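In: Quick one: sequence and predicted model below, then my questions.
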Amino acid sequence: MPRNYEALLIFAGNVNEDSLDKAIERANGDIEKLGGKIESVENLGRKQFARVMGKCESGVYVKTRFAIEPEQISAIHARFALNDECFRIQIILRNERIEAAKKIDDARRAAYKAKVAEAAAAETTEEA
């Protein structure tokens with residue numbers, strides 16, 4: 001049974017935008033070749049490293065959410081170890097209960113913000 005994972009991919013900082021997009025597509029293609037289903041990809045941007053690692057001072061961070069069989073995680077690590085474009089990869093198992101609680105909390109916050117905005121709009125119309 002597939003489980004939900006989140007991978008943080010770090011690409012070398014000297015990569016340009018065109019080759020970065022292609023590298024992300026290849027990385028997602030590798031996950032899909034192993035039977036994974038990509039749910040979302042988020043580019044977190046370029047960040048400086050705390051210290052120079054492998055002659056790189058910065059990296060481009062990309063968060064990918066996917067579902068795959070647990071047995072394939074070691075194959076993903078092995079495949080990315082051979083990938084020169086990907087500097088580092090970290091894969092964690094997503095906790096569904098925490099994500100569900102976050103969605104509920106986000107919905108509550110959105111409802112509260114809407115209520116505050118509605119009250120502020122009502123005040124401005126009363127003043128006029």
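Out: Structure's in. What do you need?

In: ok, longest helix in this structure?
Out: helix 96-127 (DSSP state H).

In: Tell me how far T124 lies from D30.
Out: When C-beta to C-beta, to the nearest Å is the yardstick, T124 and D30 sit 54 Å from each other. Yep, even glycine has a C-beta here, placed from its N, CA and C like the rest.

In: Neighbour count for these two, which is higher?
Out: The neighbour count for T124 versus D30, taken as other C-beta atoms under 10 Å, is higher for D30 (17 against 9).

In: pLDDT below threshold where in the chain?
Out: Within the chain, the stretches falling below the threshold (pLDDT under 70) are 127-128.

In: per the record, what domains does this protein have?
Out: Domain ranges of the chain: 3-94, 95-128, per automatic domain parsing.

In: Tell me which of those sits most buried.
Out: domain 3-94 (a mean of 15; mean count of other C-beta atoms under 10 Å).

In: what about the helices in the protein?
Out: With DSSP H, the ranges of helices along the chain come out as 17-33, 73-81, 96-127.

In: As a markdown table, these with distance to V41 would be great.
Out: As requested, the helices of the chain are exported to a markdown table (distance: least, C-beta to C-beta, whole Å):
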| stretch | distance to V41 |
| --- | --- |
| helix 17-33 | 6 |
| helix 73-81 | 15 |
| helix 96-127 | 17 |
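
In: Nearest to Q48 among these would be which one?
Out: For the helices of the chain, proximity to Q48 was assessed by C-beta to C-beta; helix 17-33 is nearest, at 16.8 Å.

In: what's next to the closest one, contact-wise?
Out: In this structure, residues lying in contact with helix 17-33 by C-beta atoms under 8 Å, 6 or more residues apart in numbering are 7, 9, 11, 15, 38, 41, 43, 60, 62, 64, 66, 68, 76, 79-80, 83, 85-86.

In: Give me the angle between it and helix 73-81.
Out: Here helix 17-33 runs at 150 degrees with respect to helix 73-81, directions being taken by axes from the mean of the first three to the mean of the last three C-alpha atoms, to 10 degrees.

In: Pull helix 17-33 out as PDB, backbone CA atoms only.
Out: The C-alpha atoms that make up helix 17-33 are tabulated as PDB, following Å, rounded to 0.1, in the frame of the first residue of the first chain:
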ATOM      1  CA  GLU A  17      16.600  28.400 -14.200                       C
ATOM      2  CA  ASP A  18      16.200  26.400 -17.400                       C
ATOM      3  CA  SER A  19      18.400  23.500 -16.300                       C
ATOM      4  CA  LEU A  20      16.800  23.600 -12.900                       C
ATOM      5  CA  ASP A  21      13.300  23.000 -14.400                       C
ATOM      6  CA  LYS A  22      14.700  20.100 -16.400                       C
ATOM      7  CA  ALA A  23      16.400  18.700 -13.300                       C
ATOM      8  CA  ILE A  24      13.200  18.900 -11.300                       C
ATOM      9  CA  GLU A  25      11.300  17.200 -14.100                       C
ATOM     10  CA  ARG A  26      14.000  14.400 -14.300                       C
ATOM     11  CA  ALA A  27      13.900  14.000 -10.500                       C
ATOM     12  CA  ASN A  28      10.100  13.700 -10.500                       C
ATOM     13  CA  GLY A  29      10.300  11.300 -13.500                       C
ATOM     14  CA  ASP A  30      12.700   9.100 -11.500                       C
ATOM     15  CA  ILE A  31      10.200   8.900  -8.700                       C
ATOM     16  CA  GLU A  32       7.400   8.100 -11.100                       C
ATOM     17  CA  LYS A  33       9.500   5.400 -12.800                       C
END
